[in-house]
Structure formats: C-alpha cells, structure tokens
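Chemist: generate a structure from the sequence data that follows.
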Amino acid sequence: MRLTIKTPAKVNLLLKVNGIRTDNYHEILTVLHMISLYDEITFTPLESSVARHRDETLLNSIANRESKAPCEFLTGFTDFEGDIKIVCNANGVSRPKGIQKIENFLGPPEDNLAFRAAKLLKEKTKVSAGVRIEIRKGIPISAGLGGGSSDAAATLIALNYLWKTGLSRHELMEIGSSLGTDVPFFIYGTAAIGTGRGDKLMPFKPLPALNLLIVNPLFPVSTAWVYRNYNKPQYLTDIDYNVKILSSFSLNELSNDLEDVVIKEYPLVKELKKALAENGAIAAVMTGSGPTVFGIYPDETAINEAKKGMQRRGYWVEAVKTLESSPLEEYLIGL
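Modeler: Prediction:
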C-alpha cells in the first residue's frame with residue numbers, strides 16, 4: 001500500500017518568551033496554527049531486500065518534473081540506512097541567497113527529520129519492514145514555518161498507520177518531542193497553545209479560514225542563534241495567567257518576542273512587515289524564529305494585489321489560508 005500525505009506548514013500567531021528554565025531552554029507561550037502551505041510525502045513500504053537497492057529511476061523521475069513555484073531550482077538526495085530510503089526533491093522551494101548547491105544547505109540525508117523519525121519509530125517498535133520516503137518540498141527551509149517538523153510528524157503518523165504499530169497519538173507525540181519542539185504540534189491538531197519549550201500543548205479553537213500572505217526573504221535563520229541572542233529579562237513569568245489571557249485573544253494582539261533579535265541582525269524583516277502593512281495587511285508579524293513574515297488580509301482581492309506588489313520586490317511569496325482541520329487527522333482517528 002502506497003500512501004501520499006500533504007504536510008502543512010504552521011505560523012505562530014503569538015510567541016512570548018517567559019524566561020530561562022532550569023534545563024537552560026527558554027520557557028515560551030505560543031499560539032500555533034496550521035496553514036495551507038504544504039510539503040507532500042509519499043510512503044512506499046518495502047521488503048528488506050528491495051529497500052537496500054538504490055532506485056535511480058525514481059530520482060531521475062523527480063529531476064524531470066516541472067515546478068510552478070515562484071523560485072525554481074532543482075536538487076535531490078537519495079540515501080538509505082538498513083531498510084529506510086529517502087528521496088528529497090527541493091525543486092521550487094525558496095533558495096537562500098548565496099547557496100549554489102542546496103545539498104550543502106540541507107545537510108546529509110541522515111539529518112533529515114523525516115529520515116530520523118522513520119528510523120526512531122522502527123527502532124522503538126522493532127518493525128522489520130522497510131519504507132521509501134519521497135519528499136516534495138513546498139515549504140521554505142529554515143524559515144520559521146515548521147516544514148521539517150511537519151514532515152517528521154507525518155512520517156510518524158503514516159508509518160504507524162502503514163506498519164500497524166498501534167501507537168497512540170500521545171505515544172507518537174512523545175516520540176516526536178525527541179525529534180523537535182514543533183513536531184508534537186503537527187500530531188496534536190490544527191491549532192494549539194504551546195507552553196514549556198512549545199511542546200506542552202493545550203486546545204485552541206481553530207480560526208476561520210483567514211487570508212494570509214507569507215513572505216520569505218530568501219535567507220535562513222538559525223533557531224538556536226536567535227534564542228542565544230535573546231537578551232530580554234530572563235525571569236520566569238506566570239504562564240497560567242498568560243494562558244488565561246488567550247481566552248480573549250484577537251488578531252490585533254499578533255506579536256513575536258523574537259522579532260527584535262532577528263531585526264537587529266536582519267533589518268529587512270522590519271521592512272517586510274512595513275511593506276505588508278502598506279499593501280493593506282490588517283496585521284503583520286514574524287513567525288517562529290524567522291525570517292518569514294506574514295500579513296493578514298480582509299479578502300482575496302486585497303491579498304492578490306498585495307502578492308503582486310511583494311513579488312515585484314523579488315521575494316518568495318505565497319497566499320494561503322489558516323486551516324480549519326488537519327490533513328493528517330484521518331490517519332489518527334481513534335488513536
């Protein structure tokens with residue numbers, strides 16, 4: 001059985017840093033929401049003997065596909081370890097400026113979160129079957145949109161389904177947490193309040209389908225670097241109090257405490273927010289640790305006009321909507 005899943009990106013509608021924890025991670029309060037920007041992953045179960053053969057035909061077929069994405073370039077990597085094989089097609093994803101070979105930016109295949117998720121699930125469940133994972137990237141890389149985390153979550157969900165390992169949603173979230181802070185969110189649901197490192201999740205009612213314009217300035221920002229350089233007061237504040245405030249959260253309260261760190265090093269992020277506002281955005285904010293920013297628009301006419309204006313500036317731009325349900329949910333029913 002072959003399974004193809006669309007894996008959504010996320011935005012942070014709110015991100016507050018509430019101090020340093022005893023484990024030296026930052027305590028945060030965030031509101032996460034899935035959006036209609038996707039990677040697509042195809043999972044093909046393989047017998048052990050098949051999984052160990054390099055499939056050049058598959059990689060060549062990827063290389064010959066056309067992309068309609070605004071910034072086109074082509075790359076792929078193929079690797080396997082034991083019975084796990086991965087092919088990544090980054091054709092059409094926004095390429096960071098100065099990166100001539102995207103392989104140098106993506107890193108080795110074994111660092112790919114989907115690859116690590118499959119390997120970890122296989123080790124924990126002692127499954128003998130193999131899998132070929134074909135990733136077609138549509139979400140910009142190192143952009144604060146959670147693309148790698150979404151891929152890892154989808155891999156855990158899909159392989160739990162295909163391999164019939166019988167793990168619960170909570171068990172999958174626990175495995176996901178060991179891979180990355182945002183991974184549990186994509187298993188949890190469409191929208192959530194995150195505390196702790198962002199991996200302790202509570203319900204947040206998904207918003208109606210809002211019009212969002214996503215703008216990526218074509219350079220990566222390291223999450224670790226952003227938090228290392230966050231130098232606001234490092235005392236812990238009352239998380240419970242802040243969570244209660246979110247019961248009346250409105251779009252006028254969009255904010256991100258990490259913006260100042262990123263803007264200090266990359267002033268362009270502030271310029272992008274200003275440009276979105278000048279092009280009719282109701283509100284604009286950086287998502288995650290950046291550098292991607294998004295603006296909220298009143299209707300499709302307004303967002304389409306704004307998209308044209310931002311594209312003329314040479315950035316990667318995409319008009320999306322907030323999701324009212326997760327495309328991963330059908331493989332989690334009953335878990």
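Chemist: what is the neighbour count of residue 297?
Modeler: Neighbour count for residue 297, taken as other Cβ atoms under 10 Å: 25. The C-beta positions use only the backbone N, C-alpha and C, and glycine is treated the same way.
Chemist: what pLDDT does it get?
Modeler: Note for residue 297: predicted pLDDT of 96.
Chemist: just give me how far the lengthiest helix in the chain sits from the chain centre.
Modeler: Longest helix in the chain, counting residues (DSSP state H): helix 147-162. The chain centroid and the centroid of helix 147-162 are separated by 12 Å under Cα atoms, centre = their mean, to the nearest Å.
Chemist: could I have the CA atoms of it written out in PDB?
Modeler: Output in PDB follows, covering the C-alpha atoms of helix 147-162 (Å, rounded to 0.1, in the frame of the first residue of the first chain):
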ATOM      1  CA  GLY A 147       8.400  22.300   7.400                       C
ATOM      2  CA  GLY A 148      10.900  19.800   8.700                       C
ATOM      3  CA  SER A 149       8.800  19.200  11.900                       C
ATOM      4  CA  SER A 150       5.600  18.700   9.800                       C
ATOM      5  CA  ASP A 151       7.500  16.100   7.700                       C
ATOM      6  CA  ALA A 152       8.700  14.300  10.800                       C
ATOM      7  CA  ALA A 153       5.200  14.200  12.300                       C
ATOM      8  CA  ALA A 154       3.700  13.000   9.000                       C
ATOM      9  CA  THR A 155       6.300  10.200   8.900                       C
ATOM     10  CA  LEU A 156       5.500   9.000  12.400                       C
ATOM     11  CA  ILE A 157       1.700   9.100  11.600                       C
ATOM     12  CA  ALA A 158       2.000   7.500   8.200                       C
ATOM     13  CA  LEU A 159       4.300   4.700   9.300                       C
ATOM     14  CA  ASN A 160       2.300   4.000  12.400                       C
ATOM     15  CA  TYR A 161      -0.700   3.500  10.000                       C
ATOM     16  CA  LEU A 162       1.200   1.500   7.300                       C
END
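Chemist: what angle do whatever helix or strand comes next after it and helix 147-162 make?
Modeler: The helix or strand immediately downstream of helix 147-162 is helix 169-177, counting by DSSP states H and E. Helix 169-177 and helix 147-162 are oriented at 140 degrees to each other (axes from the mean of the first three to the mean of the last three Cα atoms, to 10 degrees).
Chemist: identify all contacting residues around the following helix or strand past helix 169-177.
Modeler: Once the chain leaves helix 169-177, the next helix or strand it forms, by DSSP H and E, is helix 183-188. The contact list for helix 183-188 (Cβ atoms under 8 Å, 6 or more residues apart in numbering) reads 7-8, 10, 32, 34, 113, 117, 146, 149-150, 152-154, 156-157, 169, 172-174, 176-177, 192, 194, 198-199, 201, 326, 328, 332.
Chemist: CA atoms of helix 183-188 as CSV?
Modeler: Taking C-alpha atoms only, helix 183-188 is exported to CSV below (Å, rounded to 0.1, in the frame of the first residue of the first chain):
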residue,chain,number,x,y,z
VAL,A,183,6.8,18.0,15.9
PRO,A,184,4.2,17.2,18.6
PHE,A,185,2.0,20.1,17.5
PHE,A,186,1.5,18.6,14.0
ILE,A,187,0.4,15.3,15.6
TYR,A,188,-1.8,17.2,18.2
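Chemist: roughly how far is it from the heart of the chain?
Modeler: 10 Å.
Chemist: tell me what the helix or strand that comes right after that helix is packed against?
Modeler: Scanning forward in sequence from helix 183-188 by DSSP H and E, the next helix or strand is strand 191-195. The contact analysis (3 or more Cβ pairs under 8 Å, 6 or more residues apart in numbering; DSSP states H and E) places strand 191-195 against strand 26-46, strand 200-203, helix 239-245.
Chemist: CA-only coordinates of the first one in CSV, if you can.
Modeler: It refers to strand 26-46. Extracted C-alpha coordinates of strand 26-46, given in CSV (Å, rounded to 0.1, in the frame of the first residue of the first chain):
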residue,chain,number,x,y,z
HIS,A,26,13.6,29.1,27.1
GLU,A,27,10.1,28.9,28.5
ILE,A,28,7.7,30.2,25.9
LEU,A,29,4.0,30.8,25.3
THR,A,30,2.8,30.5,21.8
VAL,A,31,-0.3,30.1,19.6
LEU,A,32,0.4,27.7,16.7
HIS,A,33,-1.9,27.4,13.7
MET,A,34,-1.7,25.2,10.6
ILE,A,35,-1.9,26.9,7.2
SER,A,36,-2.5,25.8,3.6
LEU,A,37,1.2,25.6,2.5
TYR,A,38,2.4,22.1,2.1
ASP,A,39,5.2,19.6,1.5
GLU,A,40,4.0,16.3,0.0
ILE,A,41,5.4,13.0,1.1
THR,A,42,4.8,9.6,-0.5
PHE,A,43,5.5,6.5,1.6
THR,A,44,6.1,3.2,-0.1
PRO,A,45,6.5,0.1,2.1
LEU,A,46,9.5,-2.0,1.1
